[in-house]
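Trainee: Need the 3D shape of this:
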Amino acid sequence: MLRGMCTVAFSLALVLLNVSVKEVCCFGSQGNCLPTSNKCTVSDIKDARFTYDEDSCHGPENWYKVHSCWYLCEEDRGSRQSPIDIETEEATTDKSLTFSFSDVCTRVDAEYRNCGSGHSPHFEVKGSNNKKIYLSDVPNTPPNTKYVLDNVHIHVGQEEDEGSEHSIDDTFWPMEAHMVFYDSKFPSLGLANSLVAMMVMIEIDGSPVAPDVEATQDCDVRFASHLDFLMRTHFGNSDEYSFFEDDSDDCTFYDEECVKPKCEGGEHLKISPSDVLPSDWSFYSYRGSLTSPGCNEIVEWIALKCPIKVSSVAFNALRNIPVNGGSTLQTHGTRRPIQSNELPIQKNFDKEKTRQHPCPK
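Mentor: Predicted structure coming up:
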């Protein structure tokens with residue numbers, strides 16, 4: 001779930017490991033020159049290298065080796081890892097489950113952020129002086145807790161029809177959008193120890209490979225016109241990157257050349273949860289984790305039952321974003337493999353629709 005979330009709850013992880021920041025050995029670094037002491041700071045941990053290349057020593061199966069704070073990324077180490085396959089027949093129905101937005105239809109200021117790292121580029125809501133969008137009444141969270149929208153990002157795969165991280169009844173979608181919220185008691189996402197991730201599957205308008213899943217057959221799949229516009233406008237104009245080549249055989253430490261990556265950003269835009277939400281707000285819910293390092297088990301997932309769709313132009317703009325070393329995002333995709341999570345899945349619907357999209361077209 002997003003490059004920008006790598007910093008989430010590292011302080012908490014360090015406390016659990018009973019070590020100080022300065023005592024953590026640095027197993028990988030990208031972007032920041034290491035201190036002369038060769039000890040990590042929180043910033044070094046944030047920029048530790050990882051990739052979605054399954055054959056790489058920095059790939060998903062080896063994330064836990066890259067940094068000691070990422071121990072939960074090891075297979076079968078955690079108890080509530082994400083992503084998962086949502087088995088619809090196993091989900092228990094509780095029609096009292098809901099969620100609420102403070103102002104779902106208002107678009108707020110945001111910036112497009114992409115550092116060419118091969119991680120998901122994202123639309124980042126601007127700082128504390130900007131109007132915030134709050135999410136509340138989230139299942140399995142303390143009463144009266146409000147969560148602040150931090151960013152929107154989209155996962156994609158190597159194959160056109162398998163780009164989502166989650167699956168529904170063993171079926172994947174071409175893309176998966178995440179809206180990421182952090183507990184408002186904390187000043188930022190990077191310091192929060194409680195998150196909500198709202199997930200929406202994305203189809204390609206007019207594609208003959210649209211997923212055929214019984215659980216979504218009654219969905220009126222909405223064309224997400226503003227999200228489509230943002231993807232075409234910003235993903236389609238991403239710069240090429242040639243400053244970083246990963247040809248090192250060193251699987252524990254990369255320090256061949258200490259160069260701060262060229263980070264593309266500052267492109268101003270407007271975004272709202274309504275740009276990503278489907279026409280029907282029926283959802284599944286489960287307790288899970290980040291889908292990127294350090295795989296922290298601090299996420300309440302809301303998985304919308306119904307997908308949205310965007311154009312093939314928007315889809316290809318995302319897949320063809322250039323990344324370090326001259327490849328594109330579709331080379332390895334941006335999806336963590338399905339994980340084991342035995343905690344229950346809930347849903348707030350049976351056969352009927354719950355709430356319709358409230359915003360004018």
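Trainee: Need the CA coordinates for the helix or strand containing Leu318. PDB is fine.
Mentor: For Leu318, the host element (DSSP states H and E) is helix 312-319. The C-alpha trace of helix 312-319 is given here as PDB (Å, rounded to 0.1, in the frame of the first residue of the first chain):
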ATOM      1  CA  SER A 312      -7.800   2.300 -21.400                       C
ATOM      2  CA  VAL A 313      -5.900   5.600 -21.800                       C
ATOM      3  CA  ALA A 314      -5.800   6.200 -18.100                       C
ATOM      4  CA  PHE A 315      -4.900   2.500 -17.400                       C
ATOM      5  CA  ASN A 316      -2.000   2.600 -19.900                       C
ATOM      6  CA  ALA A 317      -0.800   5.900 -18.500                       C
ATOM      7  CA  LEU A 318      -0.400   4.200 -15.100                       C
ATOM      8  CA  ARG A 319       1.300   1.100 -16.400                       C
END
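Trainee: Find me the pLDDT at Ile345, would you?
Mentor: On pLDDT, Ile345 comes in at 97.
Trainee: Over to the one 10 residues further on?
Mentor: Arg355 carries a pLDDT value of 67.
Trainee: before we move on, back to that, buried ones in the helix holding Leu318, by neighbour count?
Mentor: Residues Ala314, Phe315, Asn316, Ala317, Leu318, Arg319 are the ones in helix 312-319 that count as buried (16 or more other CB atoms under 10 Å). All C-beta atoms are positioned from the backbone trio N, CA, C, and that covers glycine.
Trainee: Tell me the spacing between Glu89 and Tyr284.
Mentor: Distance of Glu89 to Tyr284, given as CB to CB, to the nearest Å: 12 Å.
Trainee: Between these two, point out the one with more neighbours.
Mentor: For Glu89 and Tyr284, the more surrounded residue by other CB atoms under 10 Å is Tyr284, and the numbers stand at 25 against 7.
Trainee: these two touch, right, the more buried one and Lys347?
Mentor: Yes. Assessed by CB atoms under 8 Å, Tyr284 is found in contact with Lys347 at 4.9 Å.
Trainee: list the residues that contact both of those two?
Mentor: Thr88, Ala91, Lys305 (CB atoms under 8 Å, 6 or more residues apart in numbering).
Trainee: Quick check: of those residues, which has the highest neighbour count?
Mentor: Lys305 (26 neighbours).
Trainee: Pretty sure that one sits against Thr216.
Mentor: Yes. Using CB under 8 Å, Lys305 makes contact with Thr216 at a distance of 6.4 Å.
Trainee: List the contacts of Pro360.
Mentor: Cys105.
Trainee: Look at it and give its secondary structure.
Mentor: Secondary structure, DSSP: H, G, I helix; E, B strand; the rest coil: Pro360 is coil.
Trainee: quick one: pLDDT of it?
Mentor: Reported pLDDT for Pro360: 72.
Trainee: ditto for Asp255
Mentor: 38.
Trainee: Would you mind putting the CA coordinates of stretch 106-119 into CSV?
Mentor: What follows is stretch 106-119, C-alpha atoms only, in CSV (Å, rounded to 0.1, in the frame of the first residue of the first chain):
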residue,chain,number,x,y,z
THR,A,106,-15.9,18.5,-1.7
ARG,A,107,-12.6,18.3,-3.6
VAL,A,108,-9.5,19.4,-1.6
ASP,A,109,-6.1,20.5,-2.7
ALA,A,110,-3.6,17.7,-3.4
GLU,A,111,-0.3,17.1,-5.2
TYR,A,112,0.9,14.4,-7.5
ARG,A,113,3.9,12.6,-6.1
ASN,A,114,6.1,10.1,-8.0
CYS,A,115,9.8,9.4,-7.2
GLY,A,116,10.3,6.8,-10.0
SER,A,117,11.0,4.1,-7.4
GLY,A,118,8.7,1.5,-8.9
HIS,A,119,6.2,2.0,-6.1
